[in-house]
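Asker: only geometry, no sequence info:
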Ligand SMILES: Cc1cc2nc3c(=O)[nH]c(=O)nc-3n(C[C@H](O)[C@H](O)[C@H](O)COP(=O)(O)OP(=O)(O)OC[C@H]3O[C@@H](n4cnc5c(N)ncnc54)[C@H](O)[C@@H]3O)c2cc1C
Ligand code: FES
C-alpha cells in the first residue's frame, strides 16, 4: 500500500515518478508503451529504449491499467502486461494509497464526408508514425485543424520525407495568434513556433488561416480533398472550395483527455478535465492527476504538474517533502497558458455544416448522420437512448473518437464512463475471476 | 536493431525489431488492411496511438490486434482482417 503507483510515463508521469523517488518513496511506474516518454518525448521504436534508472522506481513497460477500484484506505489497480492485444498476458493487481493518474490525451477530430477513408489520419498519428517508426503517412499531405500542434506535425512530416502541400488553421489569423501577446509567450513557445514558421516558409509550405479540409475523396483511399475558406463561425464560405490532390490528410482540433481511469476512481471532472487542487490532488483522497488529463497546455507544464503530484503522493505515503516552488510556479503559468490556448484556438460550431446526411459519424459502428437524425426523430433523448437507438459510441473505441462529435450533433453530452479502460480479452478476464474466487 | 522476418498476407517480408505492425504495413505501401463489419469499407491507421481501433489486423491467427500498438516479432504471421472475425476464420 505504501508504494506510489504512477500510470502513464509521459512527461507528467515520469516527472511524478522521479519526484516521489527523489524523496525516498518507492514507485511503480506503468505504461502501455514499451518505452517511457509518452506522446511528446516519444522514443523511436527502432532504437534501444531508454528506461528510467532509479533504485526506487520499478518500471513496468507494456502494461495497461484496465481498471481502478476503490477499496478500504486506497485503490486497487488492475494491470495487464504483455504484447499489445495478445491473449494470455499476465494479469496482476497492486493496491496503493497514492495513485497518480497521468494518462495524457489524444487528438480531437471533426467529421466530414470521406473522413473515414484510409489516408485520413489524426495529426498525432502522423507524428507518432514519424517519430516512433520513421515512416511518413503519405507523399503529399495536407495538415489541417486548429492549434499550434499542427506546426510540429508538419515539421515531422517534412523530416521523414513527405511533401506538405498546405497547413490549414481553421481559426483566423487575428484570433489564433492573439495568445502571442499574452504574457505567457513566457513559456518560450513563441520562439519554437517561429522556428517552425521559418522551416515551413523555407520549404514554401503555405500556412493558411481560416481554412479547412471539408471533404475527402477517393474510392478505397484518399486521392484528393476539398479545401474551403471558413467564416469566423467555421461555416464554409460559398464558392471558396477547391480540390487539392493529396494521398494523406492529417487532422487535429485540439485534444481530448484520456479520462477513463479518473472517472473509474470517482474523480470530479469538469469541462472534460480532472479537477485538481494546487497539490494536484483530485476530489478523491489518495488519487492525484497530472499532465494533459487536467487540461491541455503542452509538455512543459505537464512535467511540472507531474513533479508537484509526485511530491504530494510521496507525502501521502509518509515522506517528508518541501513545496516544489519552481514547479508550482510553472504549473500556474501553464494553467494561464492553457486557458489562453483554448481561447485562441476554439472549435466553432460551423463544422456541423460540413457533415452531410450520409457522413459516417461513428467510425466503429458506421453510424451515419442520417441514422443519428432518425434516432433523435424517434424521440431518443439523453446519451444512453441516442447510443442504443443509433448504436453510435457502442463500438470498439467506446465512443473515444465519436463521443464529443455525437454529443455536439445531438445536443446530448457524452460522458467517458468506461469501467474497463482498455480492451481485455475475455479469456484473461475469466482468469482474473477464477483467481479471485480461489 | 536487428532484422527479422515476418509474413504479411502470405508473403515473407523483412522487418526491424521495434517496428509496429502498422509501421511494417505502411512501409510496404499499404494504407488499409481491414474491412468494416457493416459496409465492408477499407480501414487502416487513424489515431496511431491505440485509441480508435481502426487498424485491427490478425497476428498469428488472433483477430482484433491493433496494428499501431503491436510490435512485430520474428516469425509473426500478419493477415488482413475481414469484418468481425473469430480466431481461425476467413
Ligand atoms: C499522438 C500525439 C502526439 C503528440 N506530439 C506532440 C509533439 O510533438 N509536441 C508537443 O508539444 N506536443 C505533442 N502532443 C501533445 C502532448 O500530449 C503533450 O505535450 C504531452 O505529451 C503531455 O504529457 P502527459 O504526460 O500529460 O501525457 P502523454 O505524453 O500523453 O503520456 C500519457 C501516457 O499514459 C499512457 N497511458 C494512458 N492510458 C494508460 C493506461 N490505461 N494504462 C497504462 N498506460 C496508459 C500512454 O501510453 C502514454 O504514454 C502530442 C499528443 C498526441 C496525442
Ligand atoms: S490507429 Fe487507432 S488504434 Fe491503431
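Answerer: Alright, I've got the coordinates. All values derive from a computational prediction rather than experimental measurement. Ligands and ions are numbered 1, 2, ... in the order given.
Asker: just checking, residue A:155 is part of a helix?
Answerer: Yes: assessed with DSSP: H, G, I helix; E, B strand; the rest coil, residue A:155 lies in a helix.
Asker: you'd agree it is up against residue A:199?
Answerer: Yes: between residue A:155 and residue A:199 there is a contact under Cβ atoms under 8 Å: 5.8 Å. Bear in mind the C-beta positions are built from the backbone N, C-alpha and C, glycine included.
Asker: Those two: who's more crowded?
Answerer: More crowded of residue A:155 and residue A:199, by other Cβ atoms under 10 Å in any protein chain shown: residue A:155, with 18 against 15.
Asker: could you measure the more buried one against residue A:148, distance?
Answerer: Look at residue A:155 and residue A:148: by Cβ to Cβ, to the nearest Å, they are 12 Å apart.
Asker: Same check on residue A:276?
Answerer: As judged by Cβ to Cβ, residue A:276 and residue A:148 stand 24 Å apart.
Asker: same check, this time on residue B:63
Answerer: 39 Å.
Asker: which stretches of the chain have low pLDDT?
Answerer: Going with chain A. A:174-190, A:433, A:435, A:437-438 (pLDDT under 70).
Asker: Oops, wrong one, chain B.
Answerer: Across chain B (using pLDDT under 70), the flagged ranges come out as B:1, B:87-90.
Asker: Contact partners for residue A:46?
Answerer: By Cβ atoms under 8 Å, 6 or more residues apart in numbering or on different chains, the contact set of residue A:46 is A:133-134, B:1, B:16, B:18-19.
Asker: Check residue A:258 too.
Answerer: Applying Cβ under 8 Å, 6+ apart, the residues near residue A:258 are A:103-106, A:292-293, B:51.
Asker: Out of those residues, which two sit at the greatest distance?
Answerer: Across the contacts of residue A:258, the longest distance by Cβ to Cβ is 14.1 Å; it joins A:293 and B:51.
Asker: between these two, which one's more packed in?
Answerer: A count of neighbours by other Cβ under 10 Å puts residue A:293 above the other of residue A:293 and residue B:51, at 29 against 24.
Asker: ok, now how distant is that one from residue A:80?
Answerer: 20 Å.
Asker: thinking again about what came up before, return the closest of the contacts of residue A:258 with respect to residue B:25.
Answerer: Minimum distance to residue B:25 across the contacts of residue A:258 is 18.4 Å, recorded for residue B:51 (Cβ to Cβ).
Asker: which parts of chain B sit against ligand 2?
Answerer: Contact residues (Cβ under 6 Å from any ligand atom) of chain B with ligand 2: B:45-48, B:50-55, B:66, B:68.
Asker: how about these in JSON lines, adding secondary structure and distance to residue A:308?
Answerer: Formatted as JSON lines, the residues of chain B next to ligand 2 follow (DSSP: H, G, I helix; E, B strand; the rest coil; distance: Cβ to Cβ, whole Å):
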{"residue": "B:45", "secondary structure": "coil", "distance to residue A:308": "35"}
{"residue": "B:46", "secondary structure": "coil", "distance to residue A:308": "34"}
{"residue": "B:47", "secondary structure": "coil", "distance to residue A:308": "29"}
{"residue": "B:48", "secondary structure": "coil", "distance to residue A:308": "30"}
{"residue": "B:50", "secondary structure": "coil", "distance to residue A:308": "27"}
{"residue": "B:51", "secondary structure": "coil", "distance to residue A:308": "27"}
{"residue": "B:52", "secondary structure": "coil", "distance to residue A:308": "32"}
{"residue": "B:53", "secondary structure": "coil", "distance to residue A:308": "34"}
{"residue": "B:54", "secondary structure": "coil", "distance to residue A:308": "36"}
{"residue": "B:55", "secondary structure": "coil", "distance to residue A:308": "36"}
{"residue": "B:66", "secondary structure": "strand", "distance to residue A:308": "33"}
{"residue": "B:68", "secondary structure": "coil", "distance to residue A:308": "32"}
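Asker: Quick check: phi and psi on residue 18?
Answerer: In the absence of a named chain, this looks at chain A. Dihedral angles of residue A:18 (phi, psi; degrees, to the nearest 10) stand at phi -60, psi -40.
Asker: try again with chain B
Answerer: The phi and psi values for residue B:18, taken as degrees, to the nearest 10, are phi 100, psi -20.
Asker: Give me the nearest residue to it, chain neighbours excluded.
Answerer: If the residues on either side of it in the chain are set aside, residue B:18 comes closest to residue A:45, at 4.3 Å by Cβ to Cβ, 6 or more residues apart in numbering or on different chains.
Asker: Near chain A, which residues of chain B are found?
Answerer: Contacts of chain B with chain A, taken as Cβ under 8 Å from any Cβ of the partner chain, map to B:1, B:16, B:18-20, B:22-23, B:26-27, B:31-32, B:36-39, B:41-54, B:56, B:59, B:62, B:64-66, B:68-71, B:73.
Asker: among the residues you listed, which are in helices?
Answerer: Taking DSSP state H as the definition of helices, the residues of chain B next to chain A contribute B:22-23, B:26-27.
Asker: who are the neighbours in contact with residue A:104?
Answerer: A:8, A:10, A:12, A:38-39, A:257-258, A:291-293, A:302.
Asker: Any idea how many residues pack against whichever residue of chain B sits closest to ligand 1?
Answerer: Using Cβ to the nearest ligand atom, the single residue of chain B nearest to ligand 1 is residue B:49, 4.8 Å away. The tally of other residues near residue B:49 (other Cβ under 10 Å) stands at 27.
Asker: Could you do the one 10 residues further on as well?
Answerer: Around residue B:59 there are 25 other residues, counting by other Cβ under 10 Å.
Asker: again with residue B:3
Answerer: Counted with other Cβ under 10 Å, residues neighbouring residue B:3 total 9.
Asker: ok, now how distant is it from residue B:57?
Answerer: Distance from residue B:3 to residue B:57, by Cβ to Cβ: 21 Å.
Asker: Assign residue A:405 to helix, strand or coil.
Answerer: Relying on three-state DSSP, one would call residue A:405 helix.
Asker: Quick one: the helices in chain A, in order.
Answerer: Ranges of helices in chain A, per DSSP H, are A:11-22, A:123-133, A:150-159, A:173-176, A:189-202, A:260-264, A:299-316, A:325-344, A:369-377, A:383-390, A:403-410, A:426-437.
Asker: In chain B, what residue comes closest to chain A?
Answerer: Relative to chain A, the nearest point of chain B is residue B:48 (2.7 Å; Cβ to the nearest Cβ).
Asker: From residue B:22, how far off is that residue?
Answerer: Taking Cβ to Cβ as the measure, residue B:48 falls 7 Å from residue B:22.
Asker: Between those two, which contacts overlap?
Answerer: Contact with both residue B:48 and residue B:22 is made by residues A:129, B:68, according to Cβ under 8 Å, 6+ apart.
Asker: Of those two, which one has the most company?
Answerer: Set residue B:48 next to residue B:22 and count neighbours by other Cβ under 10 Å: residue B:48 wins out with 31 against 27.
Asker: ok, what's across the strand from the nearest residue to residue A:296 once chain neighbours are set aside?
Answerer: Nearest non-adjacent residue to residue A:296, counting by Cβ to Cβ, 6+ apart: residue A:255, 5.0 Å away. Note on residue A:255: beta-bridge partners by DSSP bridges are residue A:107.
Asker: Residue A:166 now?
Answerer: Applying DSSP bridges, one finds that residue A:166 bridges with residue A:142.
Asker: what's the neighbour count on it?
Answerer: Going by other Cβ under 10 Å, the residues that sit close to residue A:166 add up to 20.
Asker: got the contact list for stretch A:266-283?
Answerer: Outside of stretch A:266-283, the residues within contact range by Cβ under 8 Å, 6+ apart are A:70, A:100-101, A:256-257, A:259, A:262-263, A:265, A:284, A:287-290, A:293-295, A:305, A:308-309, A:312, A:328, A:331, A:416.
Asker: Appreciated, that's everything.
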